[in-house]
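> I'd like to go over a predicted model; first the sequence, then the structure.
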Amino acid sequence: MLQIRCNRANASLLCGFAGAHLNAAITLTHCIFGNLPWRKLPAYLLGQFLGSFLAAATIFGLYYDALYDYTKGNFTVTGPTATASIFSTYPSSYMSLSGSFFTEVMATVMLYLGILVIHDEKNNGALKGTQALLTGILVLGIGMGMGMNTGYAINPSRDLPPRIFTAIAGWGVDVFTAGNCWWWVPLVAPTLGSLAGGLIYKLVIDIHNQPVLEVSETLDRPEKG
């Protein structure tokens, strides 16, 4: 990942080594909170969406024979041989649209809160070099604990481009109509969840943190007496 010089006034993914933004919701949140210039947003989103689209195309190419054999060439979104969920998320049959939306919001709140804790150098941040591993464990935990309802999209960048690809590759417009037109939820809910997570962190933790420079000076100052 790209090395980025850490602004002492910020505690965010932009500190340390997180130059590679992989989540459009978090990238947008950084822009809103002033941690990332708005002029960089289009380039980040383009990279995220293009990368996700090409990844879906690569998986499709690698496993085309297996997909064709399993479905007999009939690529479907629902039914006994449905395969669209390999590429994008879809809610479980028992889920309502409102329940699915709430699940995605809460999952992304947990994601962004966890990321901010891991990278907060003004607090008890993770050991240098372990942030990526801990973030991976965080995503795994969210998937195991909250993934059954909706497949835990938690990232617009990883859901919409593969959905578009599957619409082109043979699954058709059903990828946008399935699950009560579910497709827009992985775009909106993670964005709102990321914003909520960032706001919660700022109000509960970040405003109470001392600036890094001030903390350093306090630690270096010899005690009197």
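Noted; the coordinates are in hand.

> For my notes, confirm Leu54 occurs in a helix.
Yes: counting by DSSP: H, G, I helix; E, B strand; the rest coil, Leu54 is found in a helix.

> where's the residue nearest the centre of the chain relative to Ser88, distance?
Using CA atoms, centre = their mean, the residue of the chain that lies closest to the mean C-alpha position is Asn155, 3.6 Å off. Distance, Asn155 to Ser88, by CB to CB, to the nearest Å: 11 Å. Any C-beta I mention is one placed from the backbone N, CA and C, and that applies to glycine too.

> Any idea which helix or strand in this structure has the lowest mean pLDDT?
Across the helices and strands of the chain, mean confidence by mean pLDDT, DSSP states H and E is lowest for helix 212-220: a mean of 50.

> if we can go back for a sec, isn't the residue nearest to the centre of the chain right up against Leu28?
No: no contact is recorded between Asn155 and Leu28 when judged using CB atoms under 8 Å, the distance being 11.4 Å.

> what mean pLDDT does stretch 72-92 have?
Confidence over stretch 72-92, taken as the mean pLDDT, stands at 95.

> And that stretch, what's buried?
For stretch 72-92, the neighbour count (16 or more other CB atoms under 10 Å) marks Phe75, Thr76, Val77, Ala82, Thr83, Ala84, Phe87, Ser88, Thr89, Tyr90, Pro91 as buried.

> Could you pull up phi and psi at the second one?
Translated: Thr76. Main-chain dihedrals, Thr76, degrees, to the nearest 10: phi -130, psi 160.

> which residues touch it?
In this structure, Thr76 makes contact with Ala82, Thr83, Ala84, Trp171, Asp174, judged by CB atoms under 8 Å, 6 or more residues apart in numbering.

> hmm, try it at 7 Å
Contact criterion CB atoms under 7 Å, 6 or more residues apart in numbering gives Ala82 as the residues in contact with Thr76.

> what does the third one give?
Remark: with contacts taken as CB under 7 Å, 6+ apart, Val77 is in contact with Ala84, Trp171, Asp174, Val175, Ala178.

> For these, which two are the farthest from each other?
Of all pairs drawn from those, the one with the longest distance (CB to CB) is Trp171 and Ala178, at 9.4 Å.

> isn't the residue nearest to the centre of the chain right next to Pro190, touching?
Yes: at 5.9 Å, Asn155 counts as touching Pro190 under the criterion of CB atoms under 7 Å.
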